[in-house]
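*Asks:* Test case, fold it:
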Amino acid sequence: GYTRQLRTLSCFEPDPDNYQFLTKVVEKVHHESGVEVTCYPFGIYYGKTEMVVCGAGDNNVGGYFLADEAITSTRPFHVVPYEKTFRLDTLENHLKTPIDAIKIDIEGGELNILAHSTLLKQCKYMLLEWHFTPEHFERFFAEHLQDYYSILSYDTHINQYLLKNKKSLNE
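*Replies:* The predicted model follows:
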C-alpha cells in the first residue's frame, strides 16, 4: 500500500530502550520496502532542549509524557515525575524538506509541536492521536491547522484523526 509511495521515513524516539527497538523495526521496513529510514535518539519539542519524563507511576513506557503543564494538567490521574529526562530538539533542525506523511502519537505534546512547527504544516498527511477532548481538537484545529481537512476520525479510547493538506489535493 502506502509504503510504495514513500521514499523516506524519519523516526524520533527519546527513550533509549524504545530507540533500540525502533532501529530494529526500521531495518526490516527498509529491507522489505526500500524506504530510506532515519532514526533520531531524541524527541521533538519547541522551547526546551530537555524535559523530565512523567507518568502514572507504573513506569509504563506507553504512558510516558513530558513534564509540560499543558500536558500534565489534562491527566485524569496523579502525575508522577520519573528519574529520567528526554533530550529534545526542533524538527526543523534535522529535516529541511517537507514531509509526505507523519504519524504523531506523542502523549500530549501535539499541542506544542503542531503550534510551532512550520515544516509539519507543509506535510501532505497527518495521523494524529489526540489526548485531549474532541472540542479542544476542534478549537486547536481551527487555529493551527487551517490548511487541513479531516479524512477520517475515530475514537477507541483516544481520539484519532487522519488529516490531508488541502494544498496537496491533486496528489
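*Asks:* Only the buried residues of stretch 9-18, if you could.
*Replies:* Leu9, Ser10, Cys11, Phe12, Glu13, Pro14, Asp15 (16 or more other CB atoms under 10 Å). C-beta: built from backbone N, CA, C; applies to glycine.
*Asks:* wait, doesn't the second one sit right on Phe42?
*Replies:* Going back to what we said before, that points to Ser10. No: using CB atoms under 8 Å, Ser10 is not in contact with Phe42; the gap is 12.0 Å.
*Asks:* returning to what we had before: turn the buried residues of stretch 9-18 into TSV, including distance to Thr38 and secondary structure.
*Replies:* Shown next, in TSV, are the buried residues of stretch 9-18 (distance: CB to CB, whole Å; DSSP: H, G, I helix; E, B strand; the rest coil):
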residue	distance to Thr38	secondary structure
Leu9	7	strand
Ser10	5	strand
Cys11	7	strand
Phe12	10	strand
Glu13	12	coil
Pro14	15	coil
Asp15	17	coil
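*Asks:* tell me which residues in whichever strand or helix holds Leu114 are buried?
*Replies:* Under the criterion of DSSP states H and E, Leu114 resides in helix 110-116. For helix 110-116, the buried set under the neighbour-count rule, 16+ other CB under 10 Å, comprises Glu110, Leu111, Asn112, Ile113, Leu114, His116.
*Asks:* any idea what sits nearest the last one, other than its immediate chain neighbours?
*Replies:* Translated: His116. Nearest non-adjacent residue to His116, counting by CB to CB, 6 or more residues apart in numbering: Tyr46, 3.8 Å away.
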